[in-house]
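Visitor: The amino acid sequence is not available; the structure is as follows:
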């Protein structure tokens, strides 16, 4: 019955064609931001004073007077009603890795008459149930009160469906006692800290015209697509987001023919619909292409303020998934949906910008002579060296364990790639010699007269580096494709702000020395002390792992090893010093990360047991019975069949191995589930006992897949999942 469903799914895919876009879709200039309560809507609908106050709040982080909330709420409501909205929601990011929303209509009844209302109070504050979201012990089950608070720095937007529209208001989420229960609040706090400390340093460097500094972010989002008819036949994909079983197909990514290849019509139609929806929401997606693995793709946006970009990336993930259904696909955001081929990341491109339009990590033509750039570069290098453990914690979860260190992802060792030009600058600064690292504007000659000379970039790229300088920003390549990007950027903002503050403090003690002399001495000393984190070579090599150990760089190989570092004394003190997280908030996040890991592995273990017992084992035994009957029939005819007998013995041995693996996993899971110790010890038990047992069960199932009659195999195979679109 199941194999018939597999055949039916394959036949259905063969009949599918690209979904056509509506002929009435507006063009890009008209559609971009059309569903966003942006500057144009604010200017046209708000009094001038209210508009300027809101603009100052959005662009400079200044507080908004409560008296203006009613004006803004009324303008939002009128605009939303014109766009067909009937409800509003406070849209927030609890510590689940996704977003949350509760919808309320604008409807109210007064004296028997229908009114459409949206007050400033409703805009500013909502009350979801705080005990129903992960809190890590901050809230008991009976302590239900929590608040969502309007974040005016991120614009409200409208989400449309075929049956209506909803006004979505980005908010922070906190408990009744004021602790942050979300990813957004710490991100906003860290951005304020970075602004404060960067301004202090810039003013010391003589750039007093700068009034505001903000972190910028561009998230490259990788994802897989699988036909939904096949997806529905894979219980492991449905439950866990990844395939727990699947033998290596004859063809994977060996030919390297998918990367940047021609996009298939059905996938391209999907991508175009995704872009249209994101453009309406003001998300500046710019790039689309095939990624390395079969059925893997990527989209990338233009850089934005990180607090807005974090919201936009959450919208990207939601839109990728929802539009996929309309095209008969399932979008997979798991870091490793398939074994043996590349997984998916979310390259986190981070920098700092000023309200005067300057990128603080732009080296210019002579980076060695650019004092501001050198100082801020030094701050980043120092931050990564001192707080590599925190960066590792920020990307630690069960899904990313399958990806980090593999061929498509950087290792778990945090190092910085600068490239030749900046390495020359840093080496010269450390040595105290002159070296500007000037861009020589070299050109590549391609050997064909008709082809233009191409300007050569100042440095090559290093895809094995977890933290690479790429022209005017740092690319944190180790972030997982499924996770909310607010967490790693909270850490980045905080640790860099701490190093900027340290530099400013040291310069404040320079006494009678000139600023240039003090900066040179300080930069030289800091780079000498923290240069161990710089590495331009192959991060995959065994030699680098040995070298990193000699340098004393931390290497937390699994999420469980890393998560506990969040609440280390130095990290508690860091977050509390800058008011980004309290000690209680840090402890709660540590607990939540451990619990999330345990739950993810528990779901995988139970899914693997169910599939192995009820799908793989019956199929293998049916095949065994057919082979046994065939052997018996031939032997009854008086013929010798040593080869077929050998095949039957091998099949029987593999089924016995499968049964043993099932029993081992069941025992390991039951023992681990019964664990009553600390949450970290529980996570360690899952990592050390259950994860290897799942892997052994997979090995048995994958071997059987290569032996069992194809018509009996119940699960869509990799050759179908990866290539049938």
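Guide: Looks like it came in fine. Only a predicted model underlies this, so the values are computations on that prediction, with no experimental measurement involved. Numbers count the residues shown, from 1 in each chain.
Visitor: Going by C-alpha atoms from here, please, whenever you check contacts or count neighbours.
Guide: Fine.
Visitor: so where's the longest helix in the protein?
Guide: helix 642-673 (DSSP state H).
Visitor: elements contacting that helix?
Guide: Judged by 3 or more CA pairs under 8 Å, 6 or more residues apart in numbering; DSSP states H and E, helix 642-673 is in contact with helix 583-611, helix 617-636, helix 691-705.
Visitor: and the first one, what does it pack onto?
Guide: Spelled out, that is helix 583-611. Short answer (3+ CA pairs under 8 Å, 6+ apart): helix 583-611 packs on helix 235-240, helix 398-401, helix 559-563, helix 569-578, helix 642-673, helix 679-685, helix 691-705.
Visitor: Kindly report the same for the last one.
Guide: Using 3+ CA pairs under 8 Å, 6+ apart as the contact definition, the elements that helix 691-705 packs against are helix 583-611, helix 642-673.
Visitor: again, only this time at 10 Å
Guide: helix 583-611, helix 617-636, helix 642-673 (3 or more CA pairs under 10 Å, 6 or more residues apart in numbering; DSSP states H and E).
Visitor: Report the angle between the shortest one and helix 691-705.
Guide: Read that as helix 617-636. 40 degrees (axes from the mean of the first three to the mean of the last three CA atoms, to 10 degrees).
Visitor: Determine how far helix 617-636 lies from the middle of the whole chain.
Guide: 48 Å (CA atoms, centre = their mean, to the nearest Å).
Visitor: ok, now the longest one?
Guide: Averaged C-alpha coordinates place helix 642-673 at 37 Å from its chain's average position (CA atoms, centre = their mean).
Visitor: What of stretch 686-702?
Guide: With CA atoms, centre = their mean, you get 26 Å for stretch 686-702.
Visitor: circling back to that earlier point, okay if I get the helices and strands packed on helix 583-611 as TSV plus mean pLDDT?
Guide: Shown next, in TSV, are these (pLDDT from 0 to 100):
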stretch	mean pLDDT
helix 235-240	97
helix 398-401	94
helix 559-563	94
helix 569-578	97
helix 642-673	96
helix 679-685	94
helix 691-705	97
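Visitor: With respect to residue 130, which of these lies nearest?
Guide: helix 679-685 (21.2 Å; CA to CA).
Visitor: Now do the SS call for the residue with the largest distance to the centre of the chain.
Guide: Distance from the centre of the chain peaks at residue 638, with 64.1 Å (CA atoms, centre = their mean). Following DSSP: H, G, I helix; E, B strand; the rest coil, residue 638 is assigned to coil.
Visitor: quick one: it and residue 632, what's the gap?
Guide: 10 Å (CA to CA, to the nearest Å).
Visitor: cool, residue 572 as well?
Guide: Counting by CA to CA - residue 572 and residue 632 are separated by 70 Å.
Visitor: Next, format the helices and strands packed on helix 583-611 as JSON lines and append mean neighbour count and distance to residue 18.
Guide: What follows is the helices and strands packed on helix 583-611, written out as JSON lines (neighbours: other CA atoms under 10 Å; distance: least, CA to CA, whole Å):
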{"stretch": "helix 235-240", "mean neighbour count": "18", "distance to residue 18": "24"}
{"stretch": "helix 398-401", "mean neighbour count": "23", "distance to residue 18": "31"}
{"stretch": "helix 559-563", "mean neighbour count": "24", "distance to residue 18": "40"}
{"stretch": "helix 569-578", "mean neighbour count": "16", "distance to residue 18": "50"}
{"stretch": "helix 642-673", "mean neighbour count": "17", "distance to residue 18": "41"}
{"stretch": "helix 679-685", "mean neighbour count": "20", "distance to residue 18": "44"}
{"stretch": "helix 691-705", "mean neighbour count": "21", "distance to residue 18": "32"}
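Visitor: Turn these into TSV, columns for distance to residue 227.
Guide: Output for these, formatted as TSV (distance: least, CA to CA, whole Å):
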stretch	distance to residue 227
helix 235-240	12
helix 398-401	22
helix 559-563	31
helix 569-578	44
helix 642-673	29
helix 679-685	34
helix 691-705	21
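Visitor: Of these, which is nearest residue 382?
Guide: It's helix 569-578; of the helices and strands packed on helix 583-611, that one is closest to residue 382 (CA to CA) at 14.4 Å.
Visitor: Could you tell me how far residue 413 is located from residue 478?
Guide: 10 Å.
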